[in-house]
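**Q** Sequence first, then the predicted structure:
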Amino acid sequence: MNNESKNLKTGFQILTIVSTLLVFGGAIWLAKDQMGGRIQEQVLERYAQELYAISLVHQVTVVESTEDMFMDNASDQLTVYEGVAELSGALGVRLYTTEGEYLISSPENIAEGSLSAEQLESARSLVPVSVLNDKLPVEDVFWEPLLDGEAHGQSMTVRRVVMPVHVADEDELLGVVQFLFDGSDALADIDELNDGLFQQGVFIFAAGSSVIALLLSFSFARINRIHRSLVKRTFALKRANQELALSDRTSAVGGVASHLIHGLRNPIAGLRAYLNTEGPDRDDLSSAQSAVKRMEEMVDNIVRILGEDAGSVVYRLSITELLDIFQARIAPIVSEHRVKLIVNGTGERELDNREGNLILLILENLAQNALEASEQDGLVTVRASETSGMTVFDVSDTGGGLPEAMKATLFQPGQTSKEQGSGLGLAISGQLAASMGAKLALSKSDENGTTFQLSLGERND
């Protein structure tokens, strides 16, 4: 699977490089075509401007040497431009009116022709234009009756230059003249320029492609190294998360086991006292039986919790259901201490059974501490509330409060205010709270009593 993924990734990178080079080559080819078109336009425009300048100079020379020549006369126009055609090596010349109507050609074998709307508009703007046709039928240039049989039906390269007819120093259009040239020379010049452009394009493509391929290969190699590093880190993070999850699960199980051991301590001490009594009375027997029952219930609860956790059993508990279970479990201890217990709560939050089981263990431990700290006929209150998605449990008593020396290290093992206490109860409860992302803290402690607060994280649903 990894080899297949690697092959696909390598194939994609090669395809990316090839596609990039194709786009680069296409851009160069398009630029070459556009530049070739502009070069052709510039070459033809240069030919037209040169011929226009020659015609104006020749016109001035002819007019000055001839007294009765007028440029508004078609015959005189033909005389002038025949001379220009002879000087420039044109195949022939055609004259048109200012409206673009054909008048006459020279020499006589030049066929009639027409002007396009663009050519006529340029002539009216006194701008010469040049057009190159590489496959123009011979019949469009020469008069058909004068063609040889072999030339009939063939094509030729023709360069046509259309110029305005006007007096050299005036802007009034007097007609339009069209010169016909053999376009082979112009076509050869343009082809030579295009070949140069093509060679330059090939060189630019070769050099640019090498640079692009090198840069992309280097970039992909670096990306692959980063990708491999990310894969390794992702794998390491995944493994670390699994280890953390296992550690968290182990920590919770250890906390549950510690809670069981801590909870069994007092009932076992009671049984030991009963067994050490020489003549136990009925009250001692009743206390021993109560202790045994409490141990059985604690063991059953812990076994059930561990079984649910190991078997991935999942169900939901409301706050009300959780407090009902808590009240039923703590009731025997409440009757022993003869302290009044008030349990109430609100909130719409639902807890999964794992979270609920840990909360019950914490509340039982806090409530038992509160009962032991309260005097006879005292009051212990367990209240649940919810604010802005956060559920809080408060366990309060009416005892005399905790010693100041204990408050700074309250949740560290070995800290206790009881004569026979082990100092593990709050430490275990803090560990259980941390294992499910909750926070256990001392809310207040003074001569009027003590309150512990268990705060659950905000709901994600």
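**A** Thanks, I have it.
**Q** lowest-pLDDT helix or strand in the protein?
**A** In the chain, the helix or strand scored least confidently by mean pLDDT, DSSP states H and E is helix 282-310, which has a mean of 61.
**Q** quick one: contacts of the helix or strand following that one?
**A** Next along the chain after helix 282-310, taking DSSP states H and E as the criterion, comes strand 316-318. Residues outside strand 316-318 that contact it (CB atoms under 8 Å, 6 or more residues apart in numbering) are 325, 348-353, 356. For glycine as for every other residue, the C-beta is placed from the backbone atoms N, C-alpha and C.
**Q** strands paired with strand 316-318, and their directions?
**A** Here strand 316-318 is paired, per DSSP bridges, with strand 350-352 (antiparallel).
**Q** quick one: buried residues of the partner strand?
**A** For strand 350-352, the neighbour count (16 or more other CB atoms under 10 Å) marks 350-351 as buried.
**Q** and that strand, average pLDDT?
**A** The predicted model assigns strand 350-352 a mean pLDDT of 83.
**Q** Then stretch 24-44?
**A** The average pLDDT within stretch 24-44 is 85.
**Q** how about it as CSV, C-alpha atoms only?
**A** What follows is stretch 24-44, C-alpha atoms only, in CSV (Å, rounded to 0.1, in the frame of the first residue of the first chain):
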residue,chain,number,x,y,z
PHE,A,24,5.5,27.1,-20.6
GLY,A,25,6.2,25.8,-24.2
GLY,A,26,2.6,26.8,-25.3
ALA,A,27,3.1,30.3,-23.9
ILE,A,28,6.4,30.7,-25.8
TRP,A,29,4.8,29.4,-29.0
LEU,A,30,1.9,31.8,-28.6
ALA,A,31,4.3,34.7,-27.9
LYS,A,32,6.4,33.8,-31.0
ASP,A,33,3.3,33.7,-33.2
GLN,A,34,2.1,37.1,-31.9
MET,A,35,5.6,38.6,-32.3
GLY,A,36,5.9,37.1,-35.8
GLY,A,37,2.6,38.7,-36.8
ARG,A,38,3.8,42.1,-35.5
ILE,A,39,7.1,41.8,-37.3
GLN,A,40,5.3,41.0,-40.6
GLU,A,41,3.1,44.1,-40.1
GLN,A,42,6.2,46.2,-39.4
VAL,A,43,8.1,44.9,-42.4
LEU,A,44,5.1,45.5,-44.7
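**Q** Please, where are all the strands along this structure?
**A** For the chain, the strands defined by DSSP state E occupy 92-96, 102-106, 129-137, 155-165, 175-182, 316-318, 340-345, 350-352, 379-387, 390-396, 439-446, 449-455.
**Q** relative to strand 155-165, how tilted is the first one?
**A** Yep, that's strand 92-96 we're talking about. Angle, strand 92-96 to strand 155-165, by axes from the mean of the first three to the mean of the last three CA atoms, to 10 degrees: 50 degrees.
**Q** Show me what strand 92-96 is packed up against.
**A** Under the contact criterion of 3 or more CB pairs under 8 Å, 6 or more residues apart in numbering; DSSP states H and E, strand 92-96 touches helix 74-88, strand 102-106, strand 175-182.
**Q** Give the rounded mean pLDDT of that strand.
**A** For strand 92-96, the mean per-residue pLDDT is 93.
**Q** ditto for the last one
**A** Regarding strand 449-455, the rounded mean pLDDT is 92.
**Q** do the same with the second one
**A** Within the predicted structure, the mean pLDDT of strand 102-106 is 91.
**Q** Now that strand: buried residues?
**A** Under 16+ other CB under 10 Å, the buried positions of strand 102-106 are 103, 105-106.
**Q** Does that strand pack against any helices or strands, and if so which?
**A** Applying 3+ CB pairs under 8 Å, 6+ apart, we find strand 102-106 packed against helix 74-88, strand 92-96.
**Q** Now the strands of the chain in CSV, please, with extra columns for distance to residue 29.
**A** Formatted as CSV, the strands of the chain follow (distance: least, CB to CB, whole Å):
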stretch, distance to residue 29
strand 92-96, 38
strand 102-106, 41
strand 129-137, 21
strand 155-165, 25
strand 175-182, 31
strand 316-318, 68
strand 340-345, 78
strand 350-352, 66
strand 379-387, 70
strand 390-396, 67
strand 439-446, 69
strand 449-455, 70
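**Q** And the closest residue to residue 55 other than its chain neighbours, how far from residue 141?
**A** Leaving aside its sequence neighbours, residue 55 sits nearest to residue 84 (CB to CB, 6 or more residues apart in numbering; 4.7 Å). Taking CB to CB, to the nearest Å as the measure, residue 84 falls 18 Å from residue 141.
**Q** Residue 33 now?
**A** Relative to residue 141, and taking CB to CB, residue 33 is found at 29 Å.
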